[in-house]
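Chemist: quick one, structure for this:
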Amino acid sequence: MQSRSKSYDVVVIGGGLIGCAIAWQIALRGLRVIVIERDTPAKAASWAAAGMLSPVRESTGADPLGEAANASFDLYPDFIEALQDATGIDPQYTRSGKLHVALTDEELDHMRAVFSDIGDNARILSADEVRGLEPALTGNAAGGALVGRDYHVENRLLGRAVWLAAARAGVAFATGVSGVAITSDRDRVSGVTLATGETIGTQHVIVAAGAWSNGISGLPRALPVVPVRGQMCALELVPPPLTRMVQTRDVYVIPRASGRVLVGATIEHVGFRNECTAAGIRAMLNGAIEAVPALEDAALAEVWSGLRPGTIDGLPILGPDPELAGVIYATGHYRNGILLAPVTADAITALVIGTAPMIELTPFHVDRFRVRTADA
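Modeler: Numbering: from 1, shown residues only. Sure, this is the predicted structure:
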């Protein structure tokens with residue numbers, strides 16, 4: 001336990017990328033912040049991810065998630081610059097674009113329909129154009145779509161940088177805390193109690209515990225946040241066979257400057273089982289080799305898995321609890337936690353200091369589920 005005080009302005013439960021980014025931004029406003037983390041900061045979902053920043057999804061961005069994703073994408077250059085200034089760590093923010101590869105004519109027709117409404121953000125390509133951009137791709141490619149507004153970061157370096165930036169801004173960290181309960185006085189949060197019995201007084205509790213958010217005691221409602229396992233692997237091939245991210249119907253392949261090539265990712269509802277399986281890794285490798293045959297000779301460098309925080313409607317839970325003042329949610333980001341980190345940190349910080357968030361939070365409020373603890 002590293003804290004020297006029994007009282008803080010803000011307690012953040014969860015030390016992942018989201019929690020650390022929020023804590024960092026709040027601390028920069030002069031408030032005293034402590035992060036409570038069950039394990040090691042930035043070593044769960046964000047560590048296990050691929051680092052893609054992909055705001056262009058199967059929409060024009062006019063939906064709430066698309067609007068938030070695009071707003072956060074636009075914040076990323078300043079976010080990265082501030083992190084580098086604070087820590088000296090380079091998270092390898094790479095403006096590469098992503099090449100969606102169709103392996104059949106039917107898939108290409110689907111891409112035309114999906115990307116037809118996003119203007120200059122995507123361009124449909126013929127088979128020859130696809131292989132002209134990435135000669136290592138399979139000769140069976142039917143065509144594809146090049147999405148320019150699709151970047152990536154080295155997510156493990158990003159997580160380390162945000163953790164360090166928060167610490168240098170004065171954020172305290174309590175790590176290895178296996179359980180935490182929120183305490184309240186009438187309808188206002190009053191603090192948290194740790195599994196050790198230690199209490200910390202506060203007027204603001206930020207719930208940012210990812211897949212473990214529903215295990216926090218003292219909340220006035222059950223949170224419909226569930227773990228969704230994602231398996232990944234890394235290959236090594238120098239030089240990398242690709243110059244940009246490639247995605248097919250089955251996998252995505254991300255080349256790193258170091259020669260590592262990331263391949264992901266499964267989507268599995270298996271509870272809190274956080275391990276790799278032979279079937280999961282085999283399926284990803286088969287998909288990667290089908291798209292990029294040269295990967296068949298690559299060395300298998302690493303396999304890993306992580307637990308994404310999913311919700312029943314696919315949207316994050318952001319904003320204040322309507323019944324327990326001082327509790328603010330920042331969880332349920334599913335596959336978009338890295339992309340949404342800057343805009344989430346901005347929005348939650350704004351709520352704490354009493355200013356207007358840059359995005360509309362109503363679509364993400366917890367009361368959209370209308371699930372109370374007593375009814376669960």
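Chemist: name the SS class of the residue nearest the centre of the chain, please.
Modeler: Per Cα atoms, centre = their mean, the C-alpha nearest to the average position across the chain is that of G337, at 1.9 Å. Using DSSP: H, G, I helix; E, B strand; the rest coil, the structure places G337 in helix.
Chemist: and stretch 263-273, which residues are buried?
Modeler: By neighbour count on 16 or more other Cβ atoms under 10 Å, the buried set for stretch 263-273 is 263-266, 268. (C-beta placed from N, C-alpha, C; glycine too.)
Chemist: also stretch 125-133?
Modeler: Of the residues in stretch 125-133, 125, 127, 130-131, 133 count as buried by neighbour count, 16+ other Cβ under 10 Å.
Chemist: what would those residues look like in a markdown table with secondary structure and distance to P357?
Modeler: Formatted as a markdown table, the buried residues of stretch 125-133 follow (DSSP: H, G, I helix; E, B strand; the rest coil; distance: Cβ to Cβ, whole Å):
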| residue | secondary structure | distance to P357 |
| --- | --- | --- |
| L125 | strand | 38 |
| A127 | helix | 45 |
| V130 | helix | 40 |
| R131 | helix | 45 |
| L133 | helix | 39 |
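Chemist: break this structure into its domains for me.
Modeler: Split into domains by automatic domain parsing, the chain comes to 10-87+155-224+313-375, 98-148+227-310.
Chemist: the shortest one - what's its average pLDDT?
Modeler: What it means is domain 98-148+227-310. Domain 98-148+227-310 shows a mean pLDDT of 94.
Chemist: hey, where'd the helices end up in this protein?
Modeler: Remark: helices assigned in the chain by DSSP state H are 17-27, 45-48, 64-87, 105-115, 127-133, 155-168, 278-291, 337-353.
Chemist: what is the first one packed up against?
Modeler: I take that to be helix 17-27. For helix 17-27, the elements it packs on are strand 10-13, strand 33-37, helix 45-48, helix 155-168, strand 204-207, strand 327-331, helix 337-353, judged by 3 or more Cβ pairs under 8 Å, 6 or more residues apart in numbering; DSSP states H and E.
Chemist: can you add distance to I254 and mean pLDDT and give those back as TSV?
Modeler: Converted to TSV, the helices and strands packed on helix 17-27 look like this (distance: least, Cβ to Cβ, whole Å; pLDDT from 0 to 100):
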stretch	distance to I254	mean pLDDT
strand 10-13	30	98
strand 33-37	27	98
helix 45-48	14	95
helix 155-168	10	98
strand 204-207	31	98
strand 327-331	26	98
helix 337-353	13	98
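Chemist: what's the closest of the ones you listed to R229?
Modeler: The minimum distance between R229 and these falls on helix 45-48, with 9.5 Å, by Cβ to Cβ.
Chemist: residues making contact with the closest one?
Modeler: With contact meaning Cβ atoms under 8 Å, 6 or more residues apart in numbering, helix 45-48 is reached by 16-18, 155-156, 158-159, 210-211, 230, 232, 304-309, 337-338.
Chemist: what does stretch 293-303 give?
Modeler: Under Cβ under 8 Å, 6+ apart, the answer for stretch 293-303 is 136, 138, 231-237, 241, 253, 260-261, 263, 276, 281, 285, 288-289.
Chemist: out of the helices of the chain, deepest packed?
Modeler: helix 17-27 (a mean of 30; mean count of other Cβ atoms under 10 Å).
Chemist: any idea of the angle it forms with helix 337-353?
Modeler: 30 degrees (axes from the mean of the first three to the mean of the last three Cα atoms, to 10 degrees).
Chemist: let me see the contact set for the closest residue to L137 other than its chain neighbours.
Modeler: Distances taken as Cβ to Cβ, 6 or more residues apart in numbering place R131 nearest to L137, at 5.5 Å, with adjacent residues excluded. Taking Cβ under 8 Å, 6+ apart, we find R131 in contact with 137, 139, 141.
Chemist: what do you get for L158?
Modeler: Taking Cβ under 8 Å, 6+ apart as the criterion, L158 is in contact with 17, 46, 51, 83, 91, 338.
Chemist: again, only this time at 10 Å
Modeler: 17, 21, 42, 46-47, 49, 51, 79-80, 83, 89-93, 338, 341 (Cβ atoms under 10 Å, 6 or more residues apart in numbering).
Chemist: cool, and L146?
Modeler: Under the criterion of Cβ under 10 Å, 6+ apart, the neighbours of L146 are 97-100, 115, 121-125, 129-130, 133, 244.
Chemist: need the nearest residue in space to it, chain neighbours excluded.
Modeler: R123 (5.0 Å).
Chemist: surely the one you found and A145 touch.
Modeler: Yes: R123 is within contact range of A145, at 6.8 Å (criterion: Cβ atoms under 10 Å).
Chemist: neighbour count winner among those two?
Modeler: Taking other Cβ atoms under 10 Å, R123 and A145 do not tie; A145 has more neighbours (25 against 14).
Chemist: returning to that earlier point: possible to save the helices and strands packed on helix 17-27 as a markdown table with distance to A69?
Modeler: Below are those laid out as a markdown table (distance: least, Cβ to Cβ, whole Å):
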| stretch | distance to A69 |
| --- | --- |
| strand 10-13 | 23 |
| strand 33-37 | 25 |
| helix 45-48 | 16 |
| helix 155-168 | 16 |
| strand 204-207 | 21 |
| strand 327-331 | 15 |
| helix 337-353 | 6 |
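Chemist: out of those, which is closest to I182?
Modeler: In terms of Cβ to Cβ, the element of those nearest to I182 is strand 204-207, at 5.6 Å.
Chemist: extract the C-alpha trace of the closest one and format it as PDB.
Modeler: Only the C-alpha atoms of strand 204-207 are listed here, as PDB (Å, rounded to 0.1, in the frame of the first residue of the first chain):
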ATOM      1  CA  HIS A 204     -15.700  10.800  -5.900                       C
ATOM      2  CA  VAL A 205     -15.300   7.100  -6.900                       C
ATOM      3  CA  ILE A 206     -14.600   6.300 -10.500                       C
ATOM      4  CA  VAL A 207     -15.500   2.700 -11.400                       C
END
